[in-house]
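1. test case, fold it:
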Amino acid sequence: MKKNKLILLLKSFTKAEISAFRKYIRSDYFTRREDYLHLFEALLLQLASKKALDKQQLFQKAYPRETFDDLKLRAALSDLKAQLEKFLVVQQVLQDDTENNIRLLEIFNERKLGNAFQQKLKKVETALAKTSKQDLNYFQKKLRTQQLKATLLASQKRTADLPLQEISEQIDINFMIEKLRHACSQLTHQLVYKTQYDFGLLKNVLLILENGQFLHIPAIRIRYYCFQFLSHPEEKEFFDQFRDLLFAHQVQFERKELKDLYLLGINFCIRQLNQGNTFYPQELWKLYQQGLAADVFLEDGRLSRFTFNNVIGIGINLKEFTWLDHFVEQYKNYLAEEDKDSIIYFNQARVIYHAKKDHEAVIQLLQKVNFKDIVENLMSKTMLSKVYYELKEFDLLDYHLTSFQQYIRRHKLGKYHTTNYNNIILLLRKLLNVIAYDKAQKQKLRTEILQTEVLTERKWLLEQL
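-> Numbering: from 1, shown residues only. Have a look, this model is predicted:
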């Protein structure tokens, strides 16, 4: 039952959501079913034990006076899942007062409650005027409010007051934001997966923007420069404009939309860094520092292992070792419990390797690591390869590289990772066979290292020559 949709859904709940669902499930309005509550509590206990789920025990907790009935249990679990999903919808709705009021406007309009509509309309317009947000969500709410207002005025035959021009301009703004946002996603996917997309009306949008229209709106201007730096990575001024605008206007975006913009910049910088572009380590560092300060990367109070690893990686690249020590202490408790120890040991090993070259400490830390993630395993094996080489443990290194190569063959990796780590192993083996005093042999290997297109350990390999 580990892959059961109900179990996966329940695992995604925070402690606060679990507490709120208990109140929800007790409500007569939604469902007054004691068996659902007992089943819910029994599931939580079994999940906490991290053992395989026991159907018999679940049934007994929910229906203590009945004989086990698998069909009844399945039906109850299915109904409980439906209630959990409905609860999430209710939670989401309750979080946004302005959205709720706009929905009430729609309801009042349908019920012909003109006075109630006008009172609520003033409240919505005041809330929209006061908010600091100027993102797509804000503009969508603004458009819906304008359209509802026009409907009311038309019903009152006040056609001279209809905000048709404002609605037309708002539709244009929303379309431009949506089009640019989607175009950036298309372009990113196209660059990574070598896919070709038809960008439709985007050419017309870009022509309008290049003529100076709509670029005064930060939500459009930021995405315009985002598309430009993705399209023209060789022209860094586009990225600079994007970065400066993002930092200057980030308070205008809801957290989810802001995170998407940060990730577009971060992923671009990582690709440039992997291609050896020396401009981008500092840019990546700025994005991570600003994003961390704005809590952009936290999801339900958790920092992903990938963000944690990437921050450590770029900090090492820039030799910001003191800052990294503080980062680990500050953010280690934001890691998921099941990942926490391995991620901390691994990243402590990385920092110690680059800051102190304490090989024994690195080996001891890596021995404690138990990774589920393949890429983290590959990074760990690469670091261990370098340690063995630097310790001149060549027999141990030879055995390790054979094991490393077998690991790559056994696991399904993307083309980039397969190519990169096979290149590291191949060139490290060639490095082992280089005769120290043979300058021609060393120069030949140096040229091969420089000409190898995909190679994250290029700098280290060159240093060994």
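2. quick one: the strands in the stretch 201-350 of the chain?
-> Per DSSP state E, counting those that start in this stretch, the stretch 201-350 of the chain carries strands over the ranges 298-299, 302-303.
3. pairing partners for the first one, with directions?
-> I take that to be strand 298-299. Sheet pairing for strand 298-299, assigned by DSSP bridges, gives strand 302-303 (antiparallel).
4. centre of the chain to the partner strand, how far?
-> Here strand 302-303 is found 10 Å from its chain centre; the criterion is C-alpha atoms, centre = their mean, to the nearest Å.
5. ok, stretch 149-169 next?
-> 41 Å.
6. how about stretch 268-276?
-> The answer for stretch 268-276 is 18 Å, by C-alpha atoms, centre = their mean.
7. contact partners of that stretch?
-> Contacts to stretch 268-276, defined as C-beta atoms under 8 Å, 6 or more residues apart in numbering, come from residues 188, 191, 229-230, 233, 239, 279-281, 283-284, 287, 310, 314, 317, 454, 456, 458. For glycine as for every other residue, the C-beta is placed from the backbone atoms N, C-alpha and C.
8. surely Ala314 touches Glu283?
-> Actually, residue 314 is Ile. It isn't Ala. No. Using C-beta atoms under 8 Å, Ile314 makes no contact with Glu283, being 9.7 Å away.
9. so what's Ala219 up against?
-> Residues near Ala219 by C-beta under 8 Å, 6+ apart: 134-136, 139, 177, 252-253.
10. does the residue nearest to His359 when sequence neighbours are not counted count as helix, strand or coil?
-> Spatially, and ignoring its direct neighbours in sequence, His359 is nearest to Val387 (5.0 Å; C-beta to C-beta, 6 or more residues apart in numbering). Secondary structure, DSSP: H, G, I helix; E, B strand; the rest coil: Val387 is helix.
11. Val387 against Glu360, yeah?
-> No. Applying C-beta under 8 Å as the test, Val387 and Glu360 come out as separate, 9.1 Å apart.
12. show me where the stretch 351-465 of the chain has its helices.
-> Along the stretch 351-465 of the chain, counting by DSSP state H, counting those that start in this stretch, helices occupy 359-367, 374-390, 394-410, 415-433, 439-451, 458-463.
13. now these as CSV including mean pLDDT and mean neighbour count?
-> Converted to CSV, these look like this (pLDDT from 0 to 100; neighbours: other C-beta atoms under 10 Å):
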stretch, mean pLDDT, mean neighbour count
helix 359-367, 92, 16
helix 374-390, 91, 19
helix 394-410, 93, 14
helix 415-433, 92, 17
helix 439-451, 90, 13
helix 458-463, 91, 14
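14. can you put these in a markdown table and add distance to Gln95?
-> A markdown table is the format used below for the helices of the stretch 351-465 of the chain (distance: least, C-beta to C-beta, whole Å):
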| stretch | distance to Gln95 |
| --- | --- |
| helix 359-367 | 42 |
| helix 374-390 | 34 |
| helix 394-410 | 45 |
| helix 415-433 | 39 |
| helix 439-451 | 53 |
| helix 458-463 | 47 |
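15. can you pull the contacts of Glu106?
-> Counting by C-beta under 8 Å, 6+ apart, Glu106 has contacts Leu148.
16. per-residue pLDDT, it?
-> Here the pLDDT value assigned to Glu106 is 94.
17. for Ile314 and Glu283, indicate the residue with more neighbours.
-> Ile314 (24 against 21; other C-beta atoms under 10 Å).
18. from Phe297, how far out is the more buried one?
-> 13 Å (C-beta to C-beta, to the nearest Å).
19. tilt between the longest helix belonging to the chain and helix 415-433?
-> Secondary structure assigned by DSSP state H gives helix 164-193 as the longest helix of the chain. With axes from the mean of the first three to the mean of the last three C-alpha atoms, to 10 degrees applied, the angle from helix 164-193 to helix 415-433 works out at 30 degrees.
20. buried sites along helix 164-193?
-> For helix 164-193, burial by neighbour count (16 or more other C-beta atoms under 10 Å) applies to 167, 170, 173-174, 176-177, 179-181, 183-184, 186-188.
21. and for Ile314 and Glu283, which residues touch both?
-> With C-beta under 8 Å, 6+ apart, Ile314 and Glu283 have no common neighbours.
22. which stretches of the stretch 1-150 of the chain have low pLDDT?
-> Along the stretch 1-150 of the chain, the model assigns pLDDT under 70 to residues 1-3.
23. which stretches of it form strands?
-> Going by DSSP E, counting those that start in this stretch, the stretch 1-150 of the chain shows no strands.
24. show me the contacts for Leu413.
-> So Leu413 contacts 374, 378, 421 (C-beta under 8 Å, 6+ apart).
25. that one and Ile374, how far apart?
-> With C-beta to C-beta as the criterion, Leu413 and Ile374 are 7 Å apart.
26. re the thing from before, need the contacts of Leu413 in TSV (columns: distance to Lys157).
-> Shown next, in TSV, are those (distance: C-beta to C-beta, whole Å):
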residue	distance to Lys157
Ile374	67
Leu378	70
Tyr421	72
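27. Leu465: which of those is nearest?
-> Nearest to Leu465 among the contacts of Leu413 is Tyr421, at 20.3 Å by C-beta to C-beta.
28. correct me, but the closest one touches Leu378?
-> Yes. Using C-beta under 8 Å, Tyr421 is in contact with Leu378, at 5.4 Å.
29. what residues do those two have in common as contacts?
-> 408, 413.
30. return the distance of the longest helix of the chain from the chain's centre.
-> Averaged C-alpha coordinates place helix 164-193 at 21 Å from its chain's average position (C-alpha atoms, centre = their mean).
31. count the residues that sit near Leu94.
-> So Leu94, with other C-beta under 10 Å, has 11 neighbours.
32. thought it was touching Asn100?
-> Yes. If you go by C-beta under 8 Å, Leu94 and Asn100 touch, sitting 7.5 Å apart.
33. for Glu390, give me its contacts.
-> Shown in contact with Glu390 (C-beta under 8 Å, 6+ apart): 357, 359.
34. one step back: can you say which of the strands of the stretch 201-350 of the chain is packed in most?
-> Ranked by mean neighbour count under mean count of other C-beta atoms under 10 Å, the strands of the stretch 201-350 of the chain are led by strand 302-303, which reaches a mean of 18.
35. ok, back up a step: from Asn100, how far out is the residue nearest to His359?
-> To Asn100, Val387 is 58 Å away according to C-beta to C-beta.
36. buried residues in stretch 198-213?
-> For stretch 198-213, using 16+ other C-beta under 10 Å, the buried residues are 202, 205-206, 209.
37. and the helices in the stretch 151-300 of the chain?
-> Under DSSP H, counting those that start in this stretch, the stretch 151-300 of the chain gives helices at 164-193, 202-210, 218-231, 236-249, 255-274, 280-293.
38. mind giving me JSON lines with the ones you listed and columns for mean pLDDT?
-> Formatted as JSON lines, those follow (pLDDT from 0 to 100):
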{"stretch": "helix 164-193", "mean pLDDT": "92"}
{"stretch": "helix 202-210", "mean pLDDT": "94"}
{"stretch": "helix 218-231", "mean pLDDT": "96"}
{"stretch": "helix 236-249", "mean pLDDT": "96"}
{"stretch": "helix 255-274", "mean pLDDT": "92"}
{"stretch": "helix 280-293", "mean pLDDT": "94"}
